[in-house]
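Undergrad: using only what follows, build the 3D model:
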Amino acid sequence: NGQTTGINTGTTGQTGISENGTAAELPALRQITSAPVAGAVAFARNGKTYIRYIEKNTGNVYETDATVLGNNRLTNTTIPRVSEVLWNKNGSQVVIRYVDEDTNTIKNFGAKINESKSALEGIFLRDAISEIVVSPDTDKIFYTVPFNANTVGAIANFDGTKVTSVFASPFSEWLVSWPRSKMIALATKPSFATAGYLYFLNTQTEAFDRILGGVL
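TA: Residues are numbered from 1 along each chain as shown. This is a model prediction of the structure:
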């Protein structure tokens, strides 16, 4: 309609702490970091909201208190070329997906944050993981990997332990989501020329039910 609208960049009316430790009024909208971020999580601790994130270029983990205008680096573990990060609900565990500089393949590193050592400690998950998602309660992961002529799906802990295979298919290209605790959704990749399908996988019974089919 020719009128200009904008974002309210005023203040919240709440008092926080500036980077130099003095009292400061919190802005209604503020940038946490100017560096590219691979993934972030917000969680509550001792009645406060905290945010943790990982920088794409360094793999370093940072944390900020929602009432403090500044960030605290938690780890010095350098992981360049981070492409994706999956967090658990309290920000203590993470799966980091990054491009290996030597092989140019995606590595999957399941780690815990050791704040006392300023380090990420963990193990590498399997190579060639094509899809990986976090459970709704964020304490498990589900991933798909090629195995012989099939695609296999498995549930595991964040650190890669207690792996349970729950899915196998001769088709390789699946899009995966985990909308409910006992149900994983798998859809064929979209195409204008090939019919697509959506299936629900019961994580307890391993029943594989078609929900939609024949949809372009």
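Undergrad: so after the host helix or strand of I54, what's the next helix or strand?
TA: According to DSSP states H and E, I54 maps onto strand 48-55. Using DSSP H and E, the helix or strand that follows strand 48-55 in sequence is strand 61-65.
Undergrad: and that following strand, what does it pack onto?
TA: strand 48-55, strand 72-73 (3 or more CB pairs under 8 Å, 6 or more residues apart in numbering; DSSP states H and E). C-beta coordinates here come from the backbone N, C-alpha and C atoms, glycine included.
Undergrad: what comes into contact with the shortest one?
TA: Just to be clear, that refers to strand 72-73. With contacts defined as CB atoms under 8 Å, 6 or more residues apart in numbering, strand 72-73 is touched by 60-64, 118.
Undergrad: same thing with stretch 91-104?
TA: Here stretch 91-104 has contacts from 38-39, 41, 43, 50, 52, 54, 59, 61, 63, 79-88, 105-113, 120, 125, 129, 132, 134, 141, 158-159, using CB under 8 Å, 6+ apart.
Undergrad: next step: those restricted to strands.
TA: Counting by DSSP state E, the contacts of stretch 91-104 place 38-39, 41, 43, 50, 52, 54, 61, 63, 82-87, 106-113, 120, 132, 134, 141 in strands.
Undergrad: most neighbours per residue, which of the helices and strands packed on strand 61-65?
TA: strand 48-55 (a mean of 19; mean count of other CB atoms under 10 Å).
Undergrad: just the CA coordinates of it, formatted as CSV?
TA: Below are the C-alpha coordinates for strand 48-55, written out as CSV (Å, rounded to 0.1, in the frame of the first residue of the first chain):
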residue,chain,number,x,y,z
LYS,A,48,17.6,-18.8,32.9
THR,A,49,17.6,-19.3,29.2
TYR,A,50,20.9,-20.1,27.5
ILE,A,51,21.8,-20.4,23.9
ARG,A,52,24.6,-22.6,22.5
TYR,A,53,25.9,-22.6,18.9
ILE,A,54,28.8,-23.8,16.8
GLU,A,55,30.6,-21.7,14.3
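Undergrad: neighbouring strands of that strand in the sheet, and parallel or not?
TA: Strand 48-55 sits in its sheet next to strand 37-45 (antiparallel), strand 61-65 (antiparallel), going by DSSP bridges.
Undergrad: picking up where we left off before, would you mind checking the contacts of stretch 91-104 for buried ones?
TA: Buried members of these, counted by 16 or more other CB atoms under 10 Å: 38-39, 41, 43, 50, 52, 54, 59, 61, 63, 79, 81-82, 85-88, 106-111, 113, 120, 125, 129, 132, 134, 141, 158-159.
Undergrad: flag the shaky bits of the chain, pLDDT-wise.
TA: Applying pLDDT under 70 to the chain flags the ranges 1-23.
Undergrad: for the residue nearest to the spatial centre of it, give the beta-bridge partners.
TA: With distances taken as CA atoms, centre = their mean, L86 lies nearest the centre of the chain, 2.1 Å away. Beta-bridge pairing of L86 under DSSP bridges involves V95.
Undergrad: for the nearest residue to S130 once chain neighbours are set aside, helix, strand, or coil?
TA: Spatially, and ignoring its direct neighbours in sequence, S130 is nearest to T144 (5.2 Å; CB to CB, 6 or more residues apart in numbering). Under DSSP: H, G, I helix; E, B strand; the rest coil, the three-state class of T144 is strand.
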